[in-house]
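sequence first, then the predicted structure, then my questions.
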Amino acid sequence: MHAQEQDRNGMSQRQSMNMLYFVASVLAAGVTPFFRARPGREYPGMPGFLAMLLILGWAGFGNAPELIYYLGVWLIAVGIMRISALMPRSYIEHSRYGGRPWLAWTLAPWVKESTAKGAVEPLLCLIAGLLLMQVSEQVGRFVMVSGGGIFVVTLIEVSIVRRQVMQAQDAEIEMQAFAQRMRGQRDY
């Protein structure tokens, strides 16, 4: 099947992946302010705004007024995250960078960033969600579903970076072969 062919719903594979990534980003933004530090200047952006609406909607449709308290704490965490994003730094970060996984690295300092975000943080969301379900079932469910969003976002981002690295390596090999042909060291 050609990569740009559309499925029965009229979406290409790329469009479906983009939609999955966007939905997962909205879910992840519902908990990442508690787990991350030093994000890019634009984070959480539109996914953060939609996460706020999702929390409000979940509170209303899920008959869970306790999610309004969660929203208040979340807004404080987002405010702190935004302030830290605007602080001067000695390095340049991508504007939409989701932040460093400080909590995961505190608990497991030996893991890589991708592992901290893709495994440790979702596990923390699962544990926190199960504990929160003792107080509020809806808040616990929201945190666990948001942890799934973190997992999906990280999985997609890691696969994109791997593909970019592979393409860069392929380009390097092709340029070396091209240079050898230009010097007459290679005939094909």
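In hand now; what should we look at?

now Ser114: which helix or strand?
helix 113-115 (DSSP states H and E).

could I get the average pLDDT for the next helix or strand after that helix?
Counting by DSSP H and E, the next helix or strand C-terminal to helix 113-115 is helix 121-132. Averaging pLDDT along helix 121-132 yields 96.

what's the spacing between helix 121-132 and its chain's center?
Average the C-alpha atoms of helix 121-132, do the same for its chain, and the two points are 17 Å apart (CA atoms, centre = their mean, to the nearest Å).

give me the contacts around that helix.
31-32, 35, 101, 103-104, 107, 139-144, 146-148, 150-151, 154 (CB atoms under 8 Å, 6 or more residues apart in numbering). Where you see a C-beta, it was placed from the backbone N, CA and C, and this is true even at glycine.

just the buried residues of these.
With burial judged by 16 or more other CB atoms under 10 Å, the buried subset of these is 31-32, 35, 101, 103-104, 139-144, 146-148, 150-151, 154.

shaky segments in this structure?
1-9 (pLDDT under 70).

where do the helices sit along it?
13-29, 32-35, 45-61, 66-86, 102-107, 113-115, 121-132, 137-182 (DSSP state H).

deepest of those helices, which one?
Sort these by mean neighbour count, taking mean count of other CB atoms under 10 Å, and helix 32-35 sits at the top with a mean of 24.
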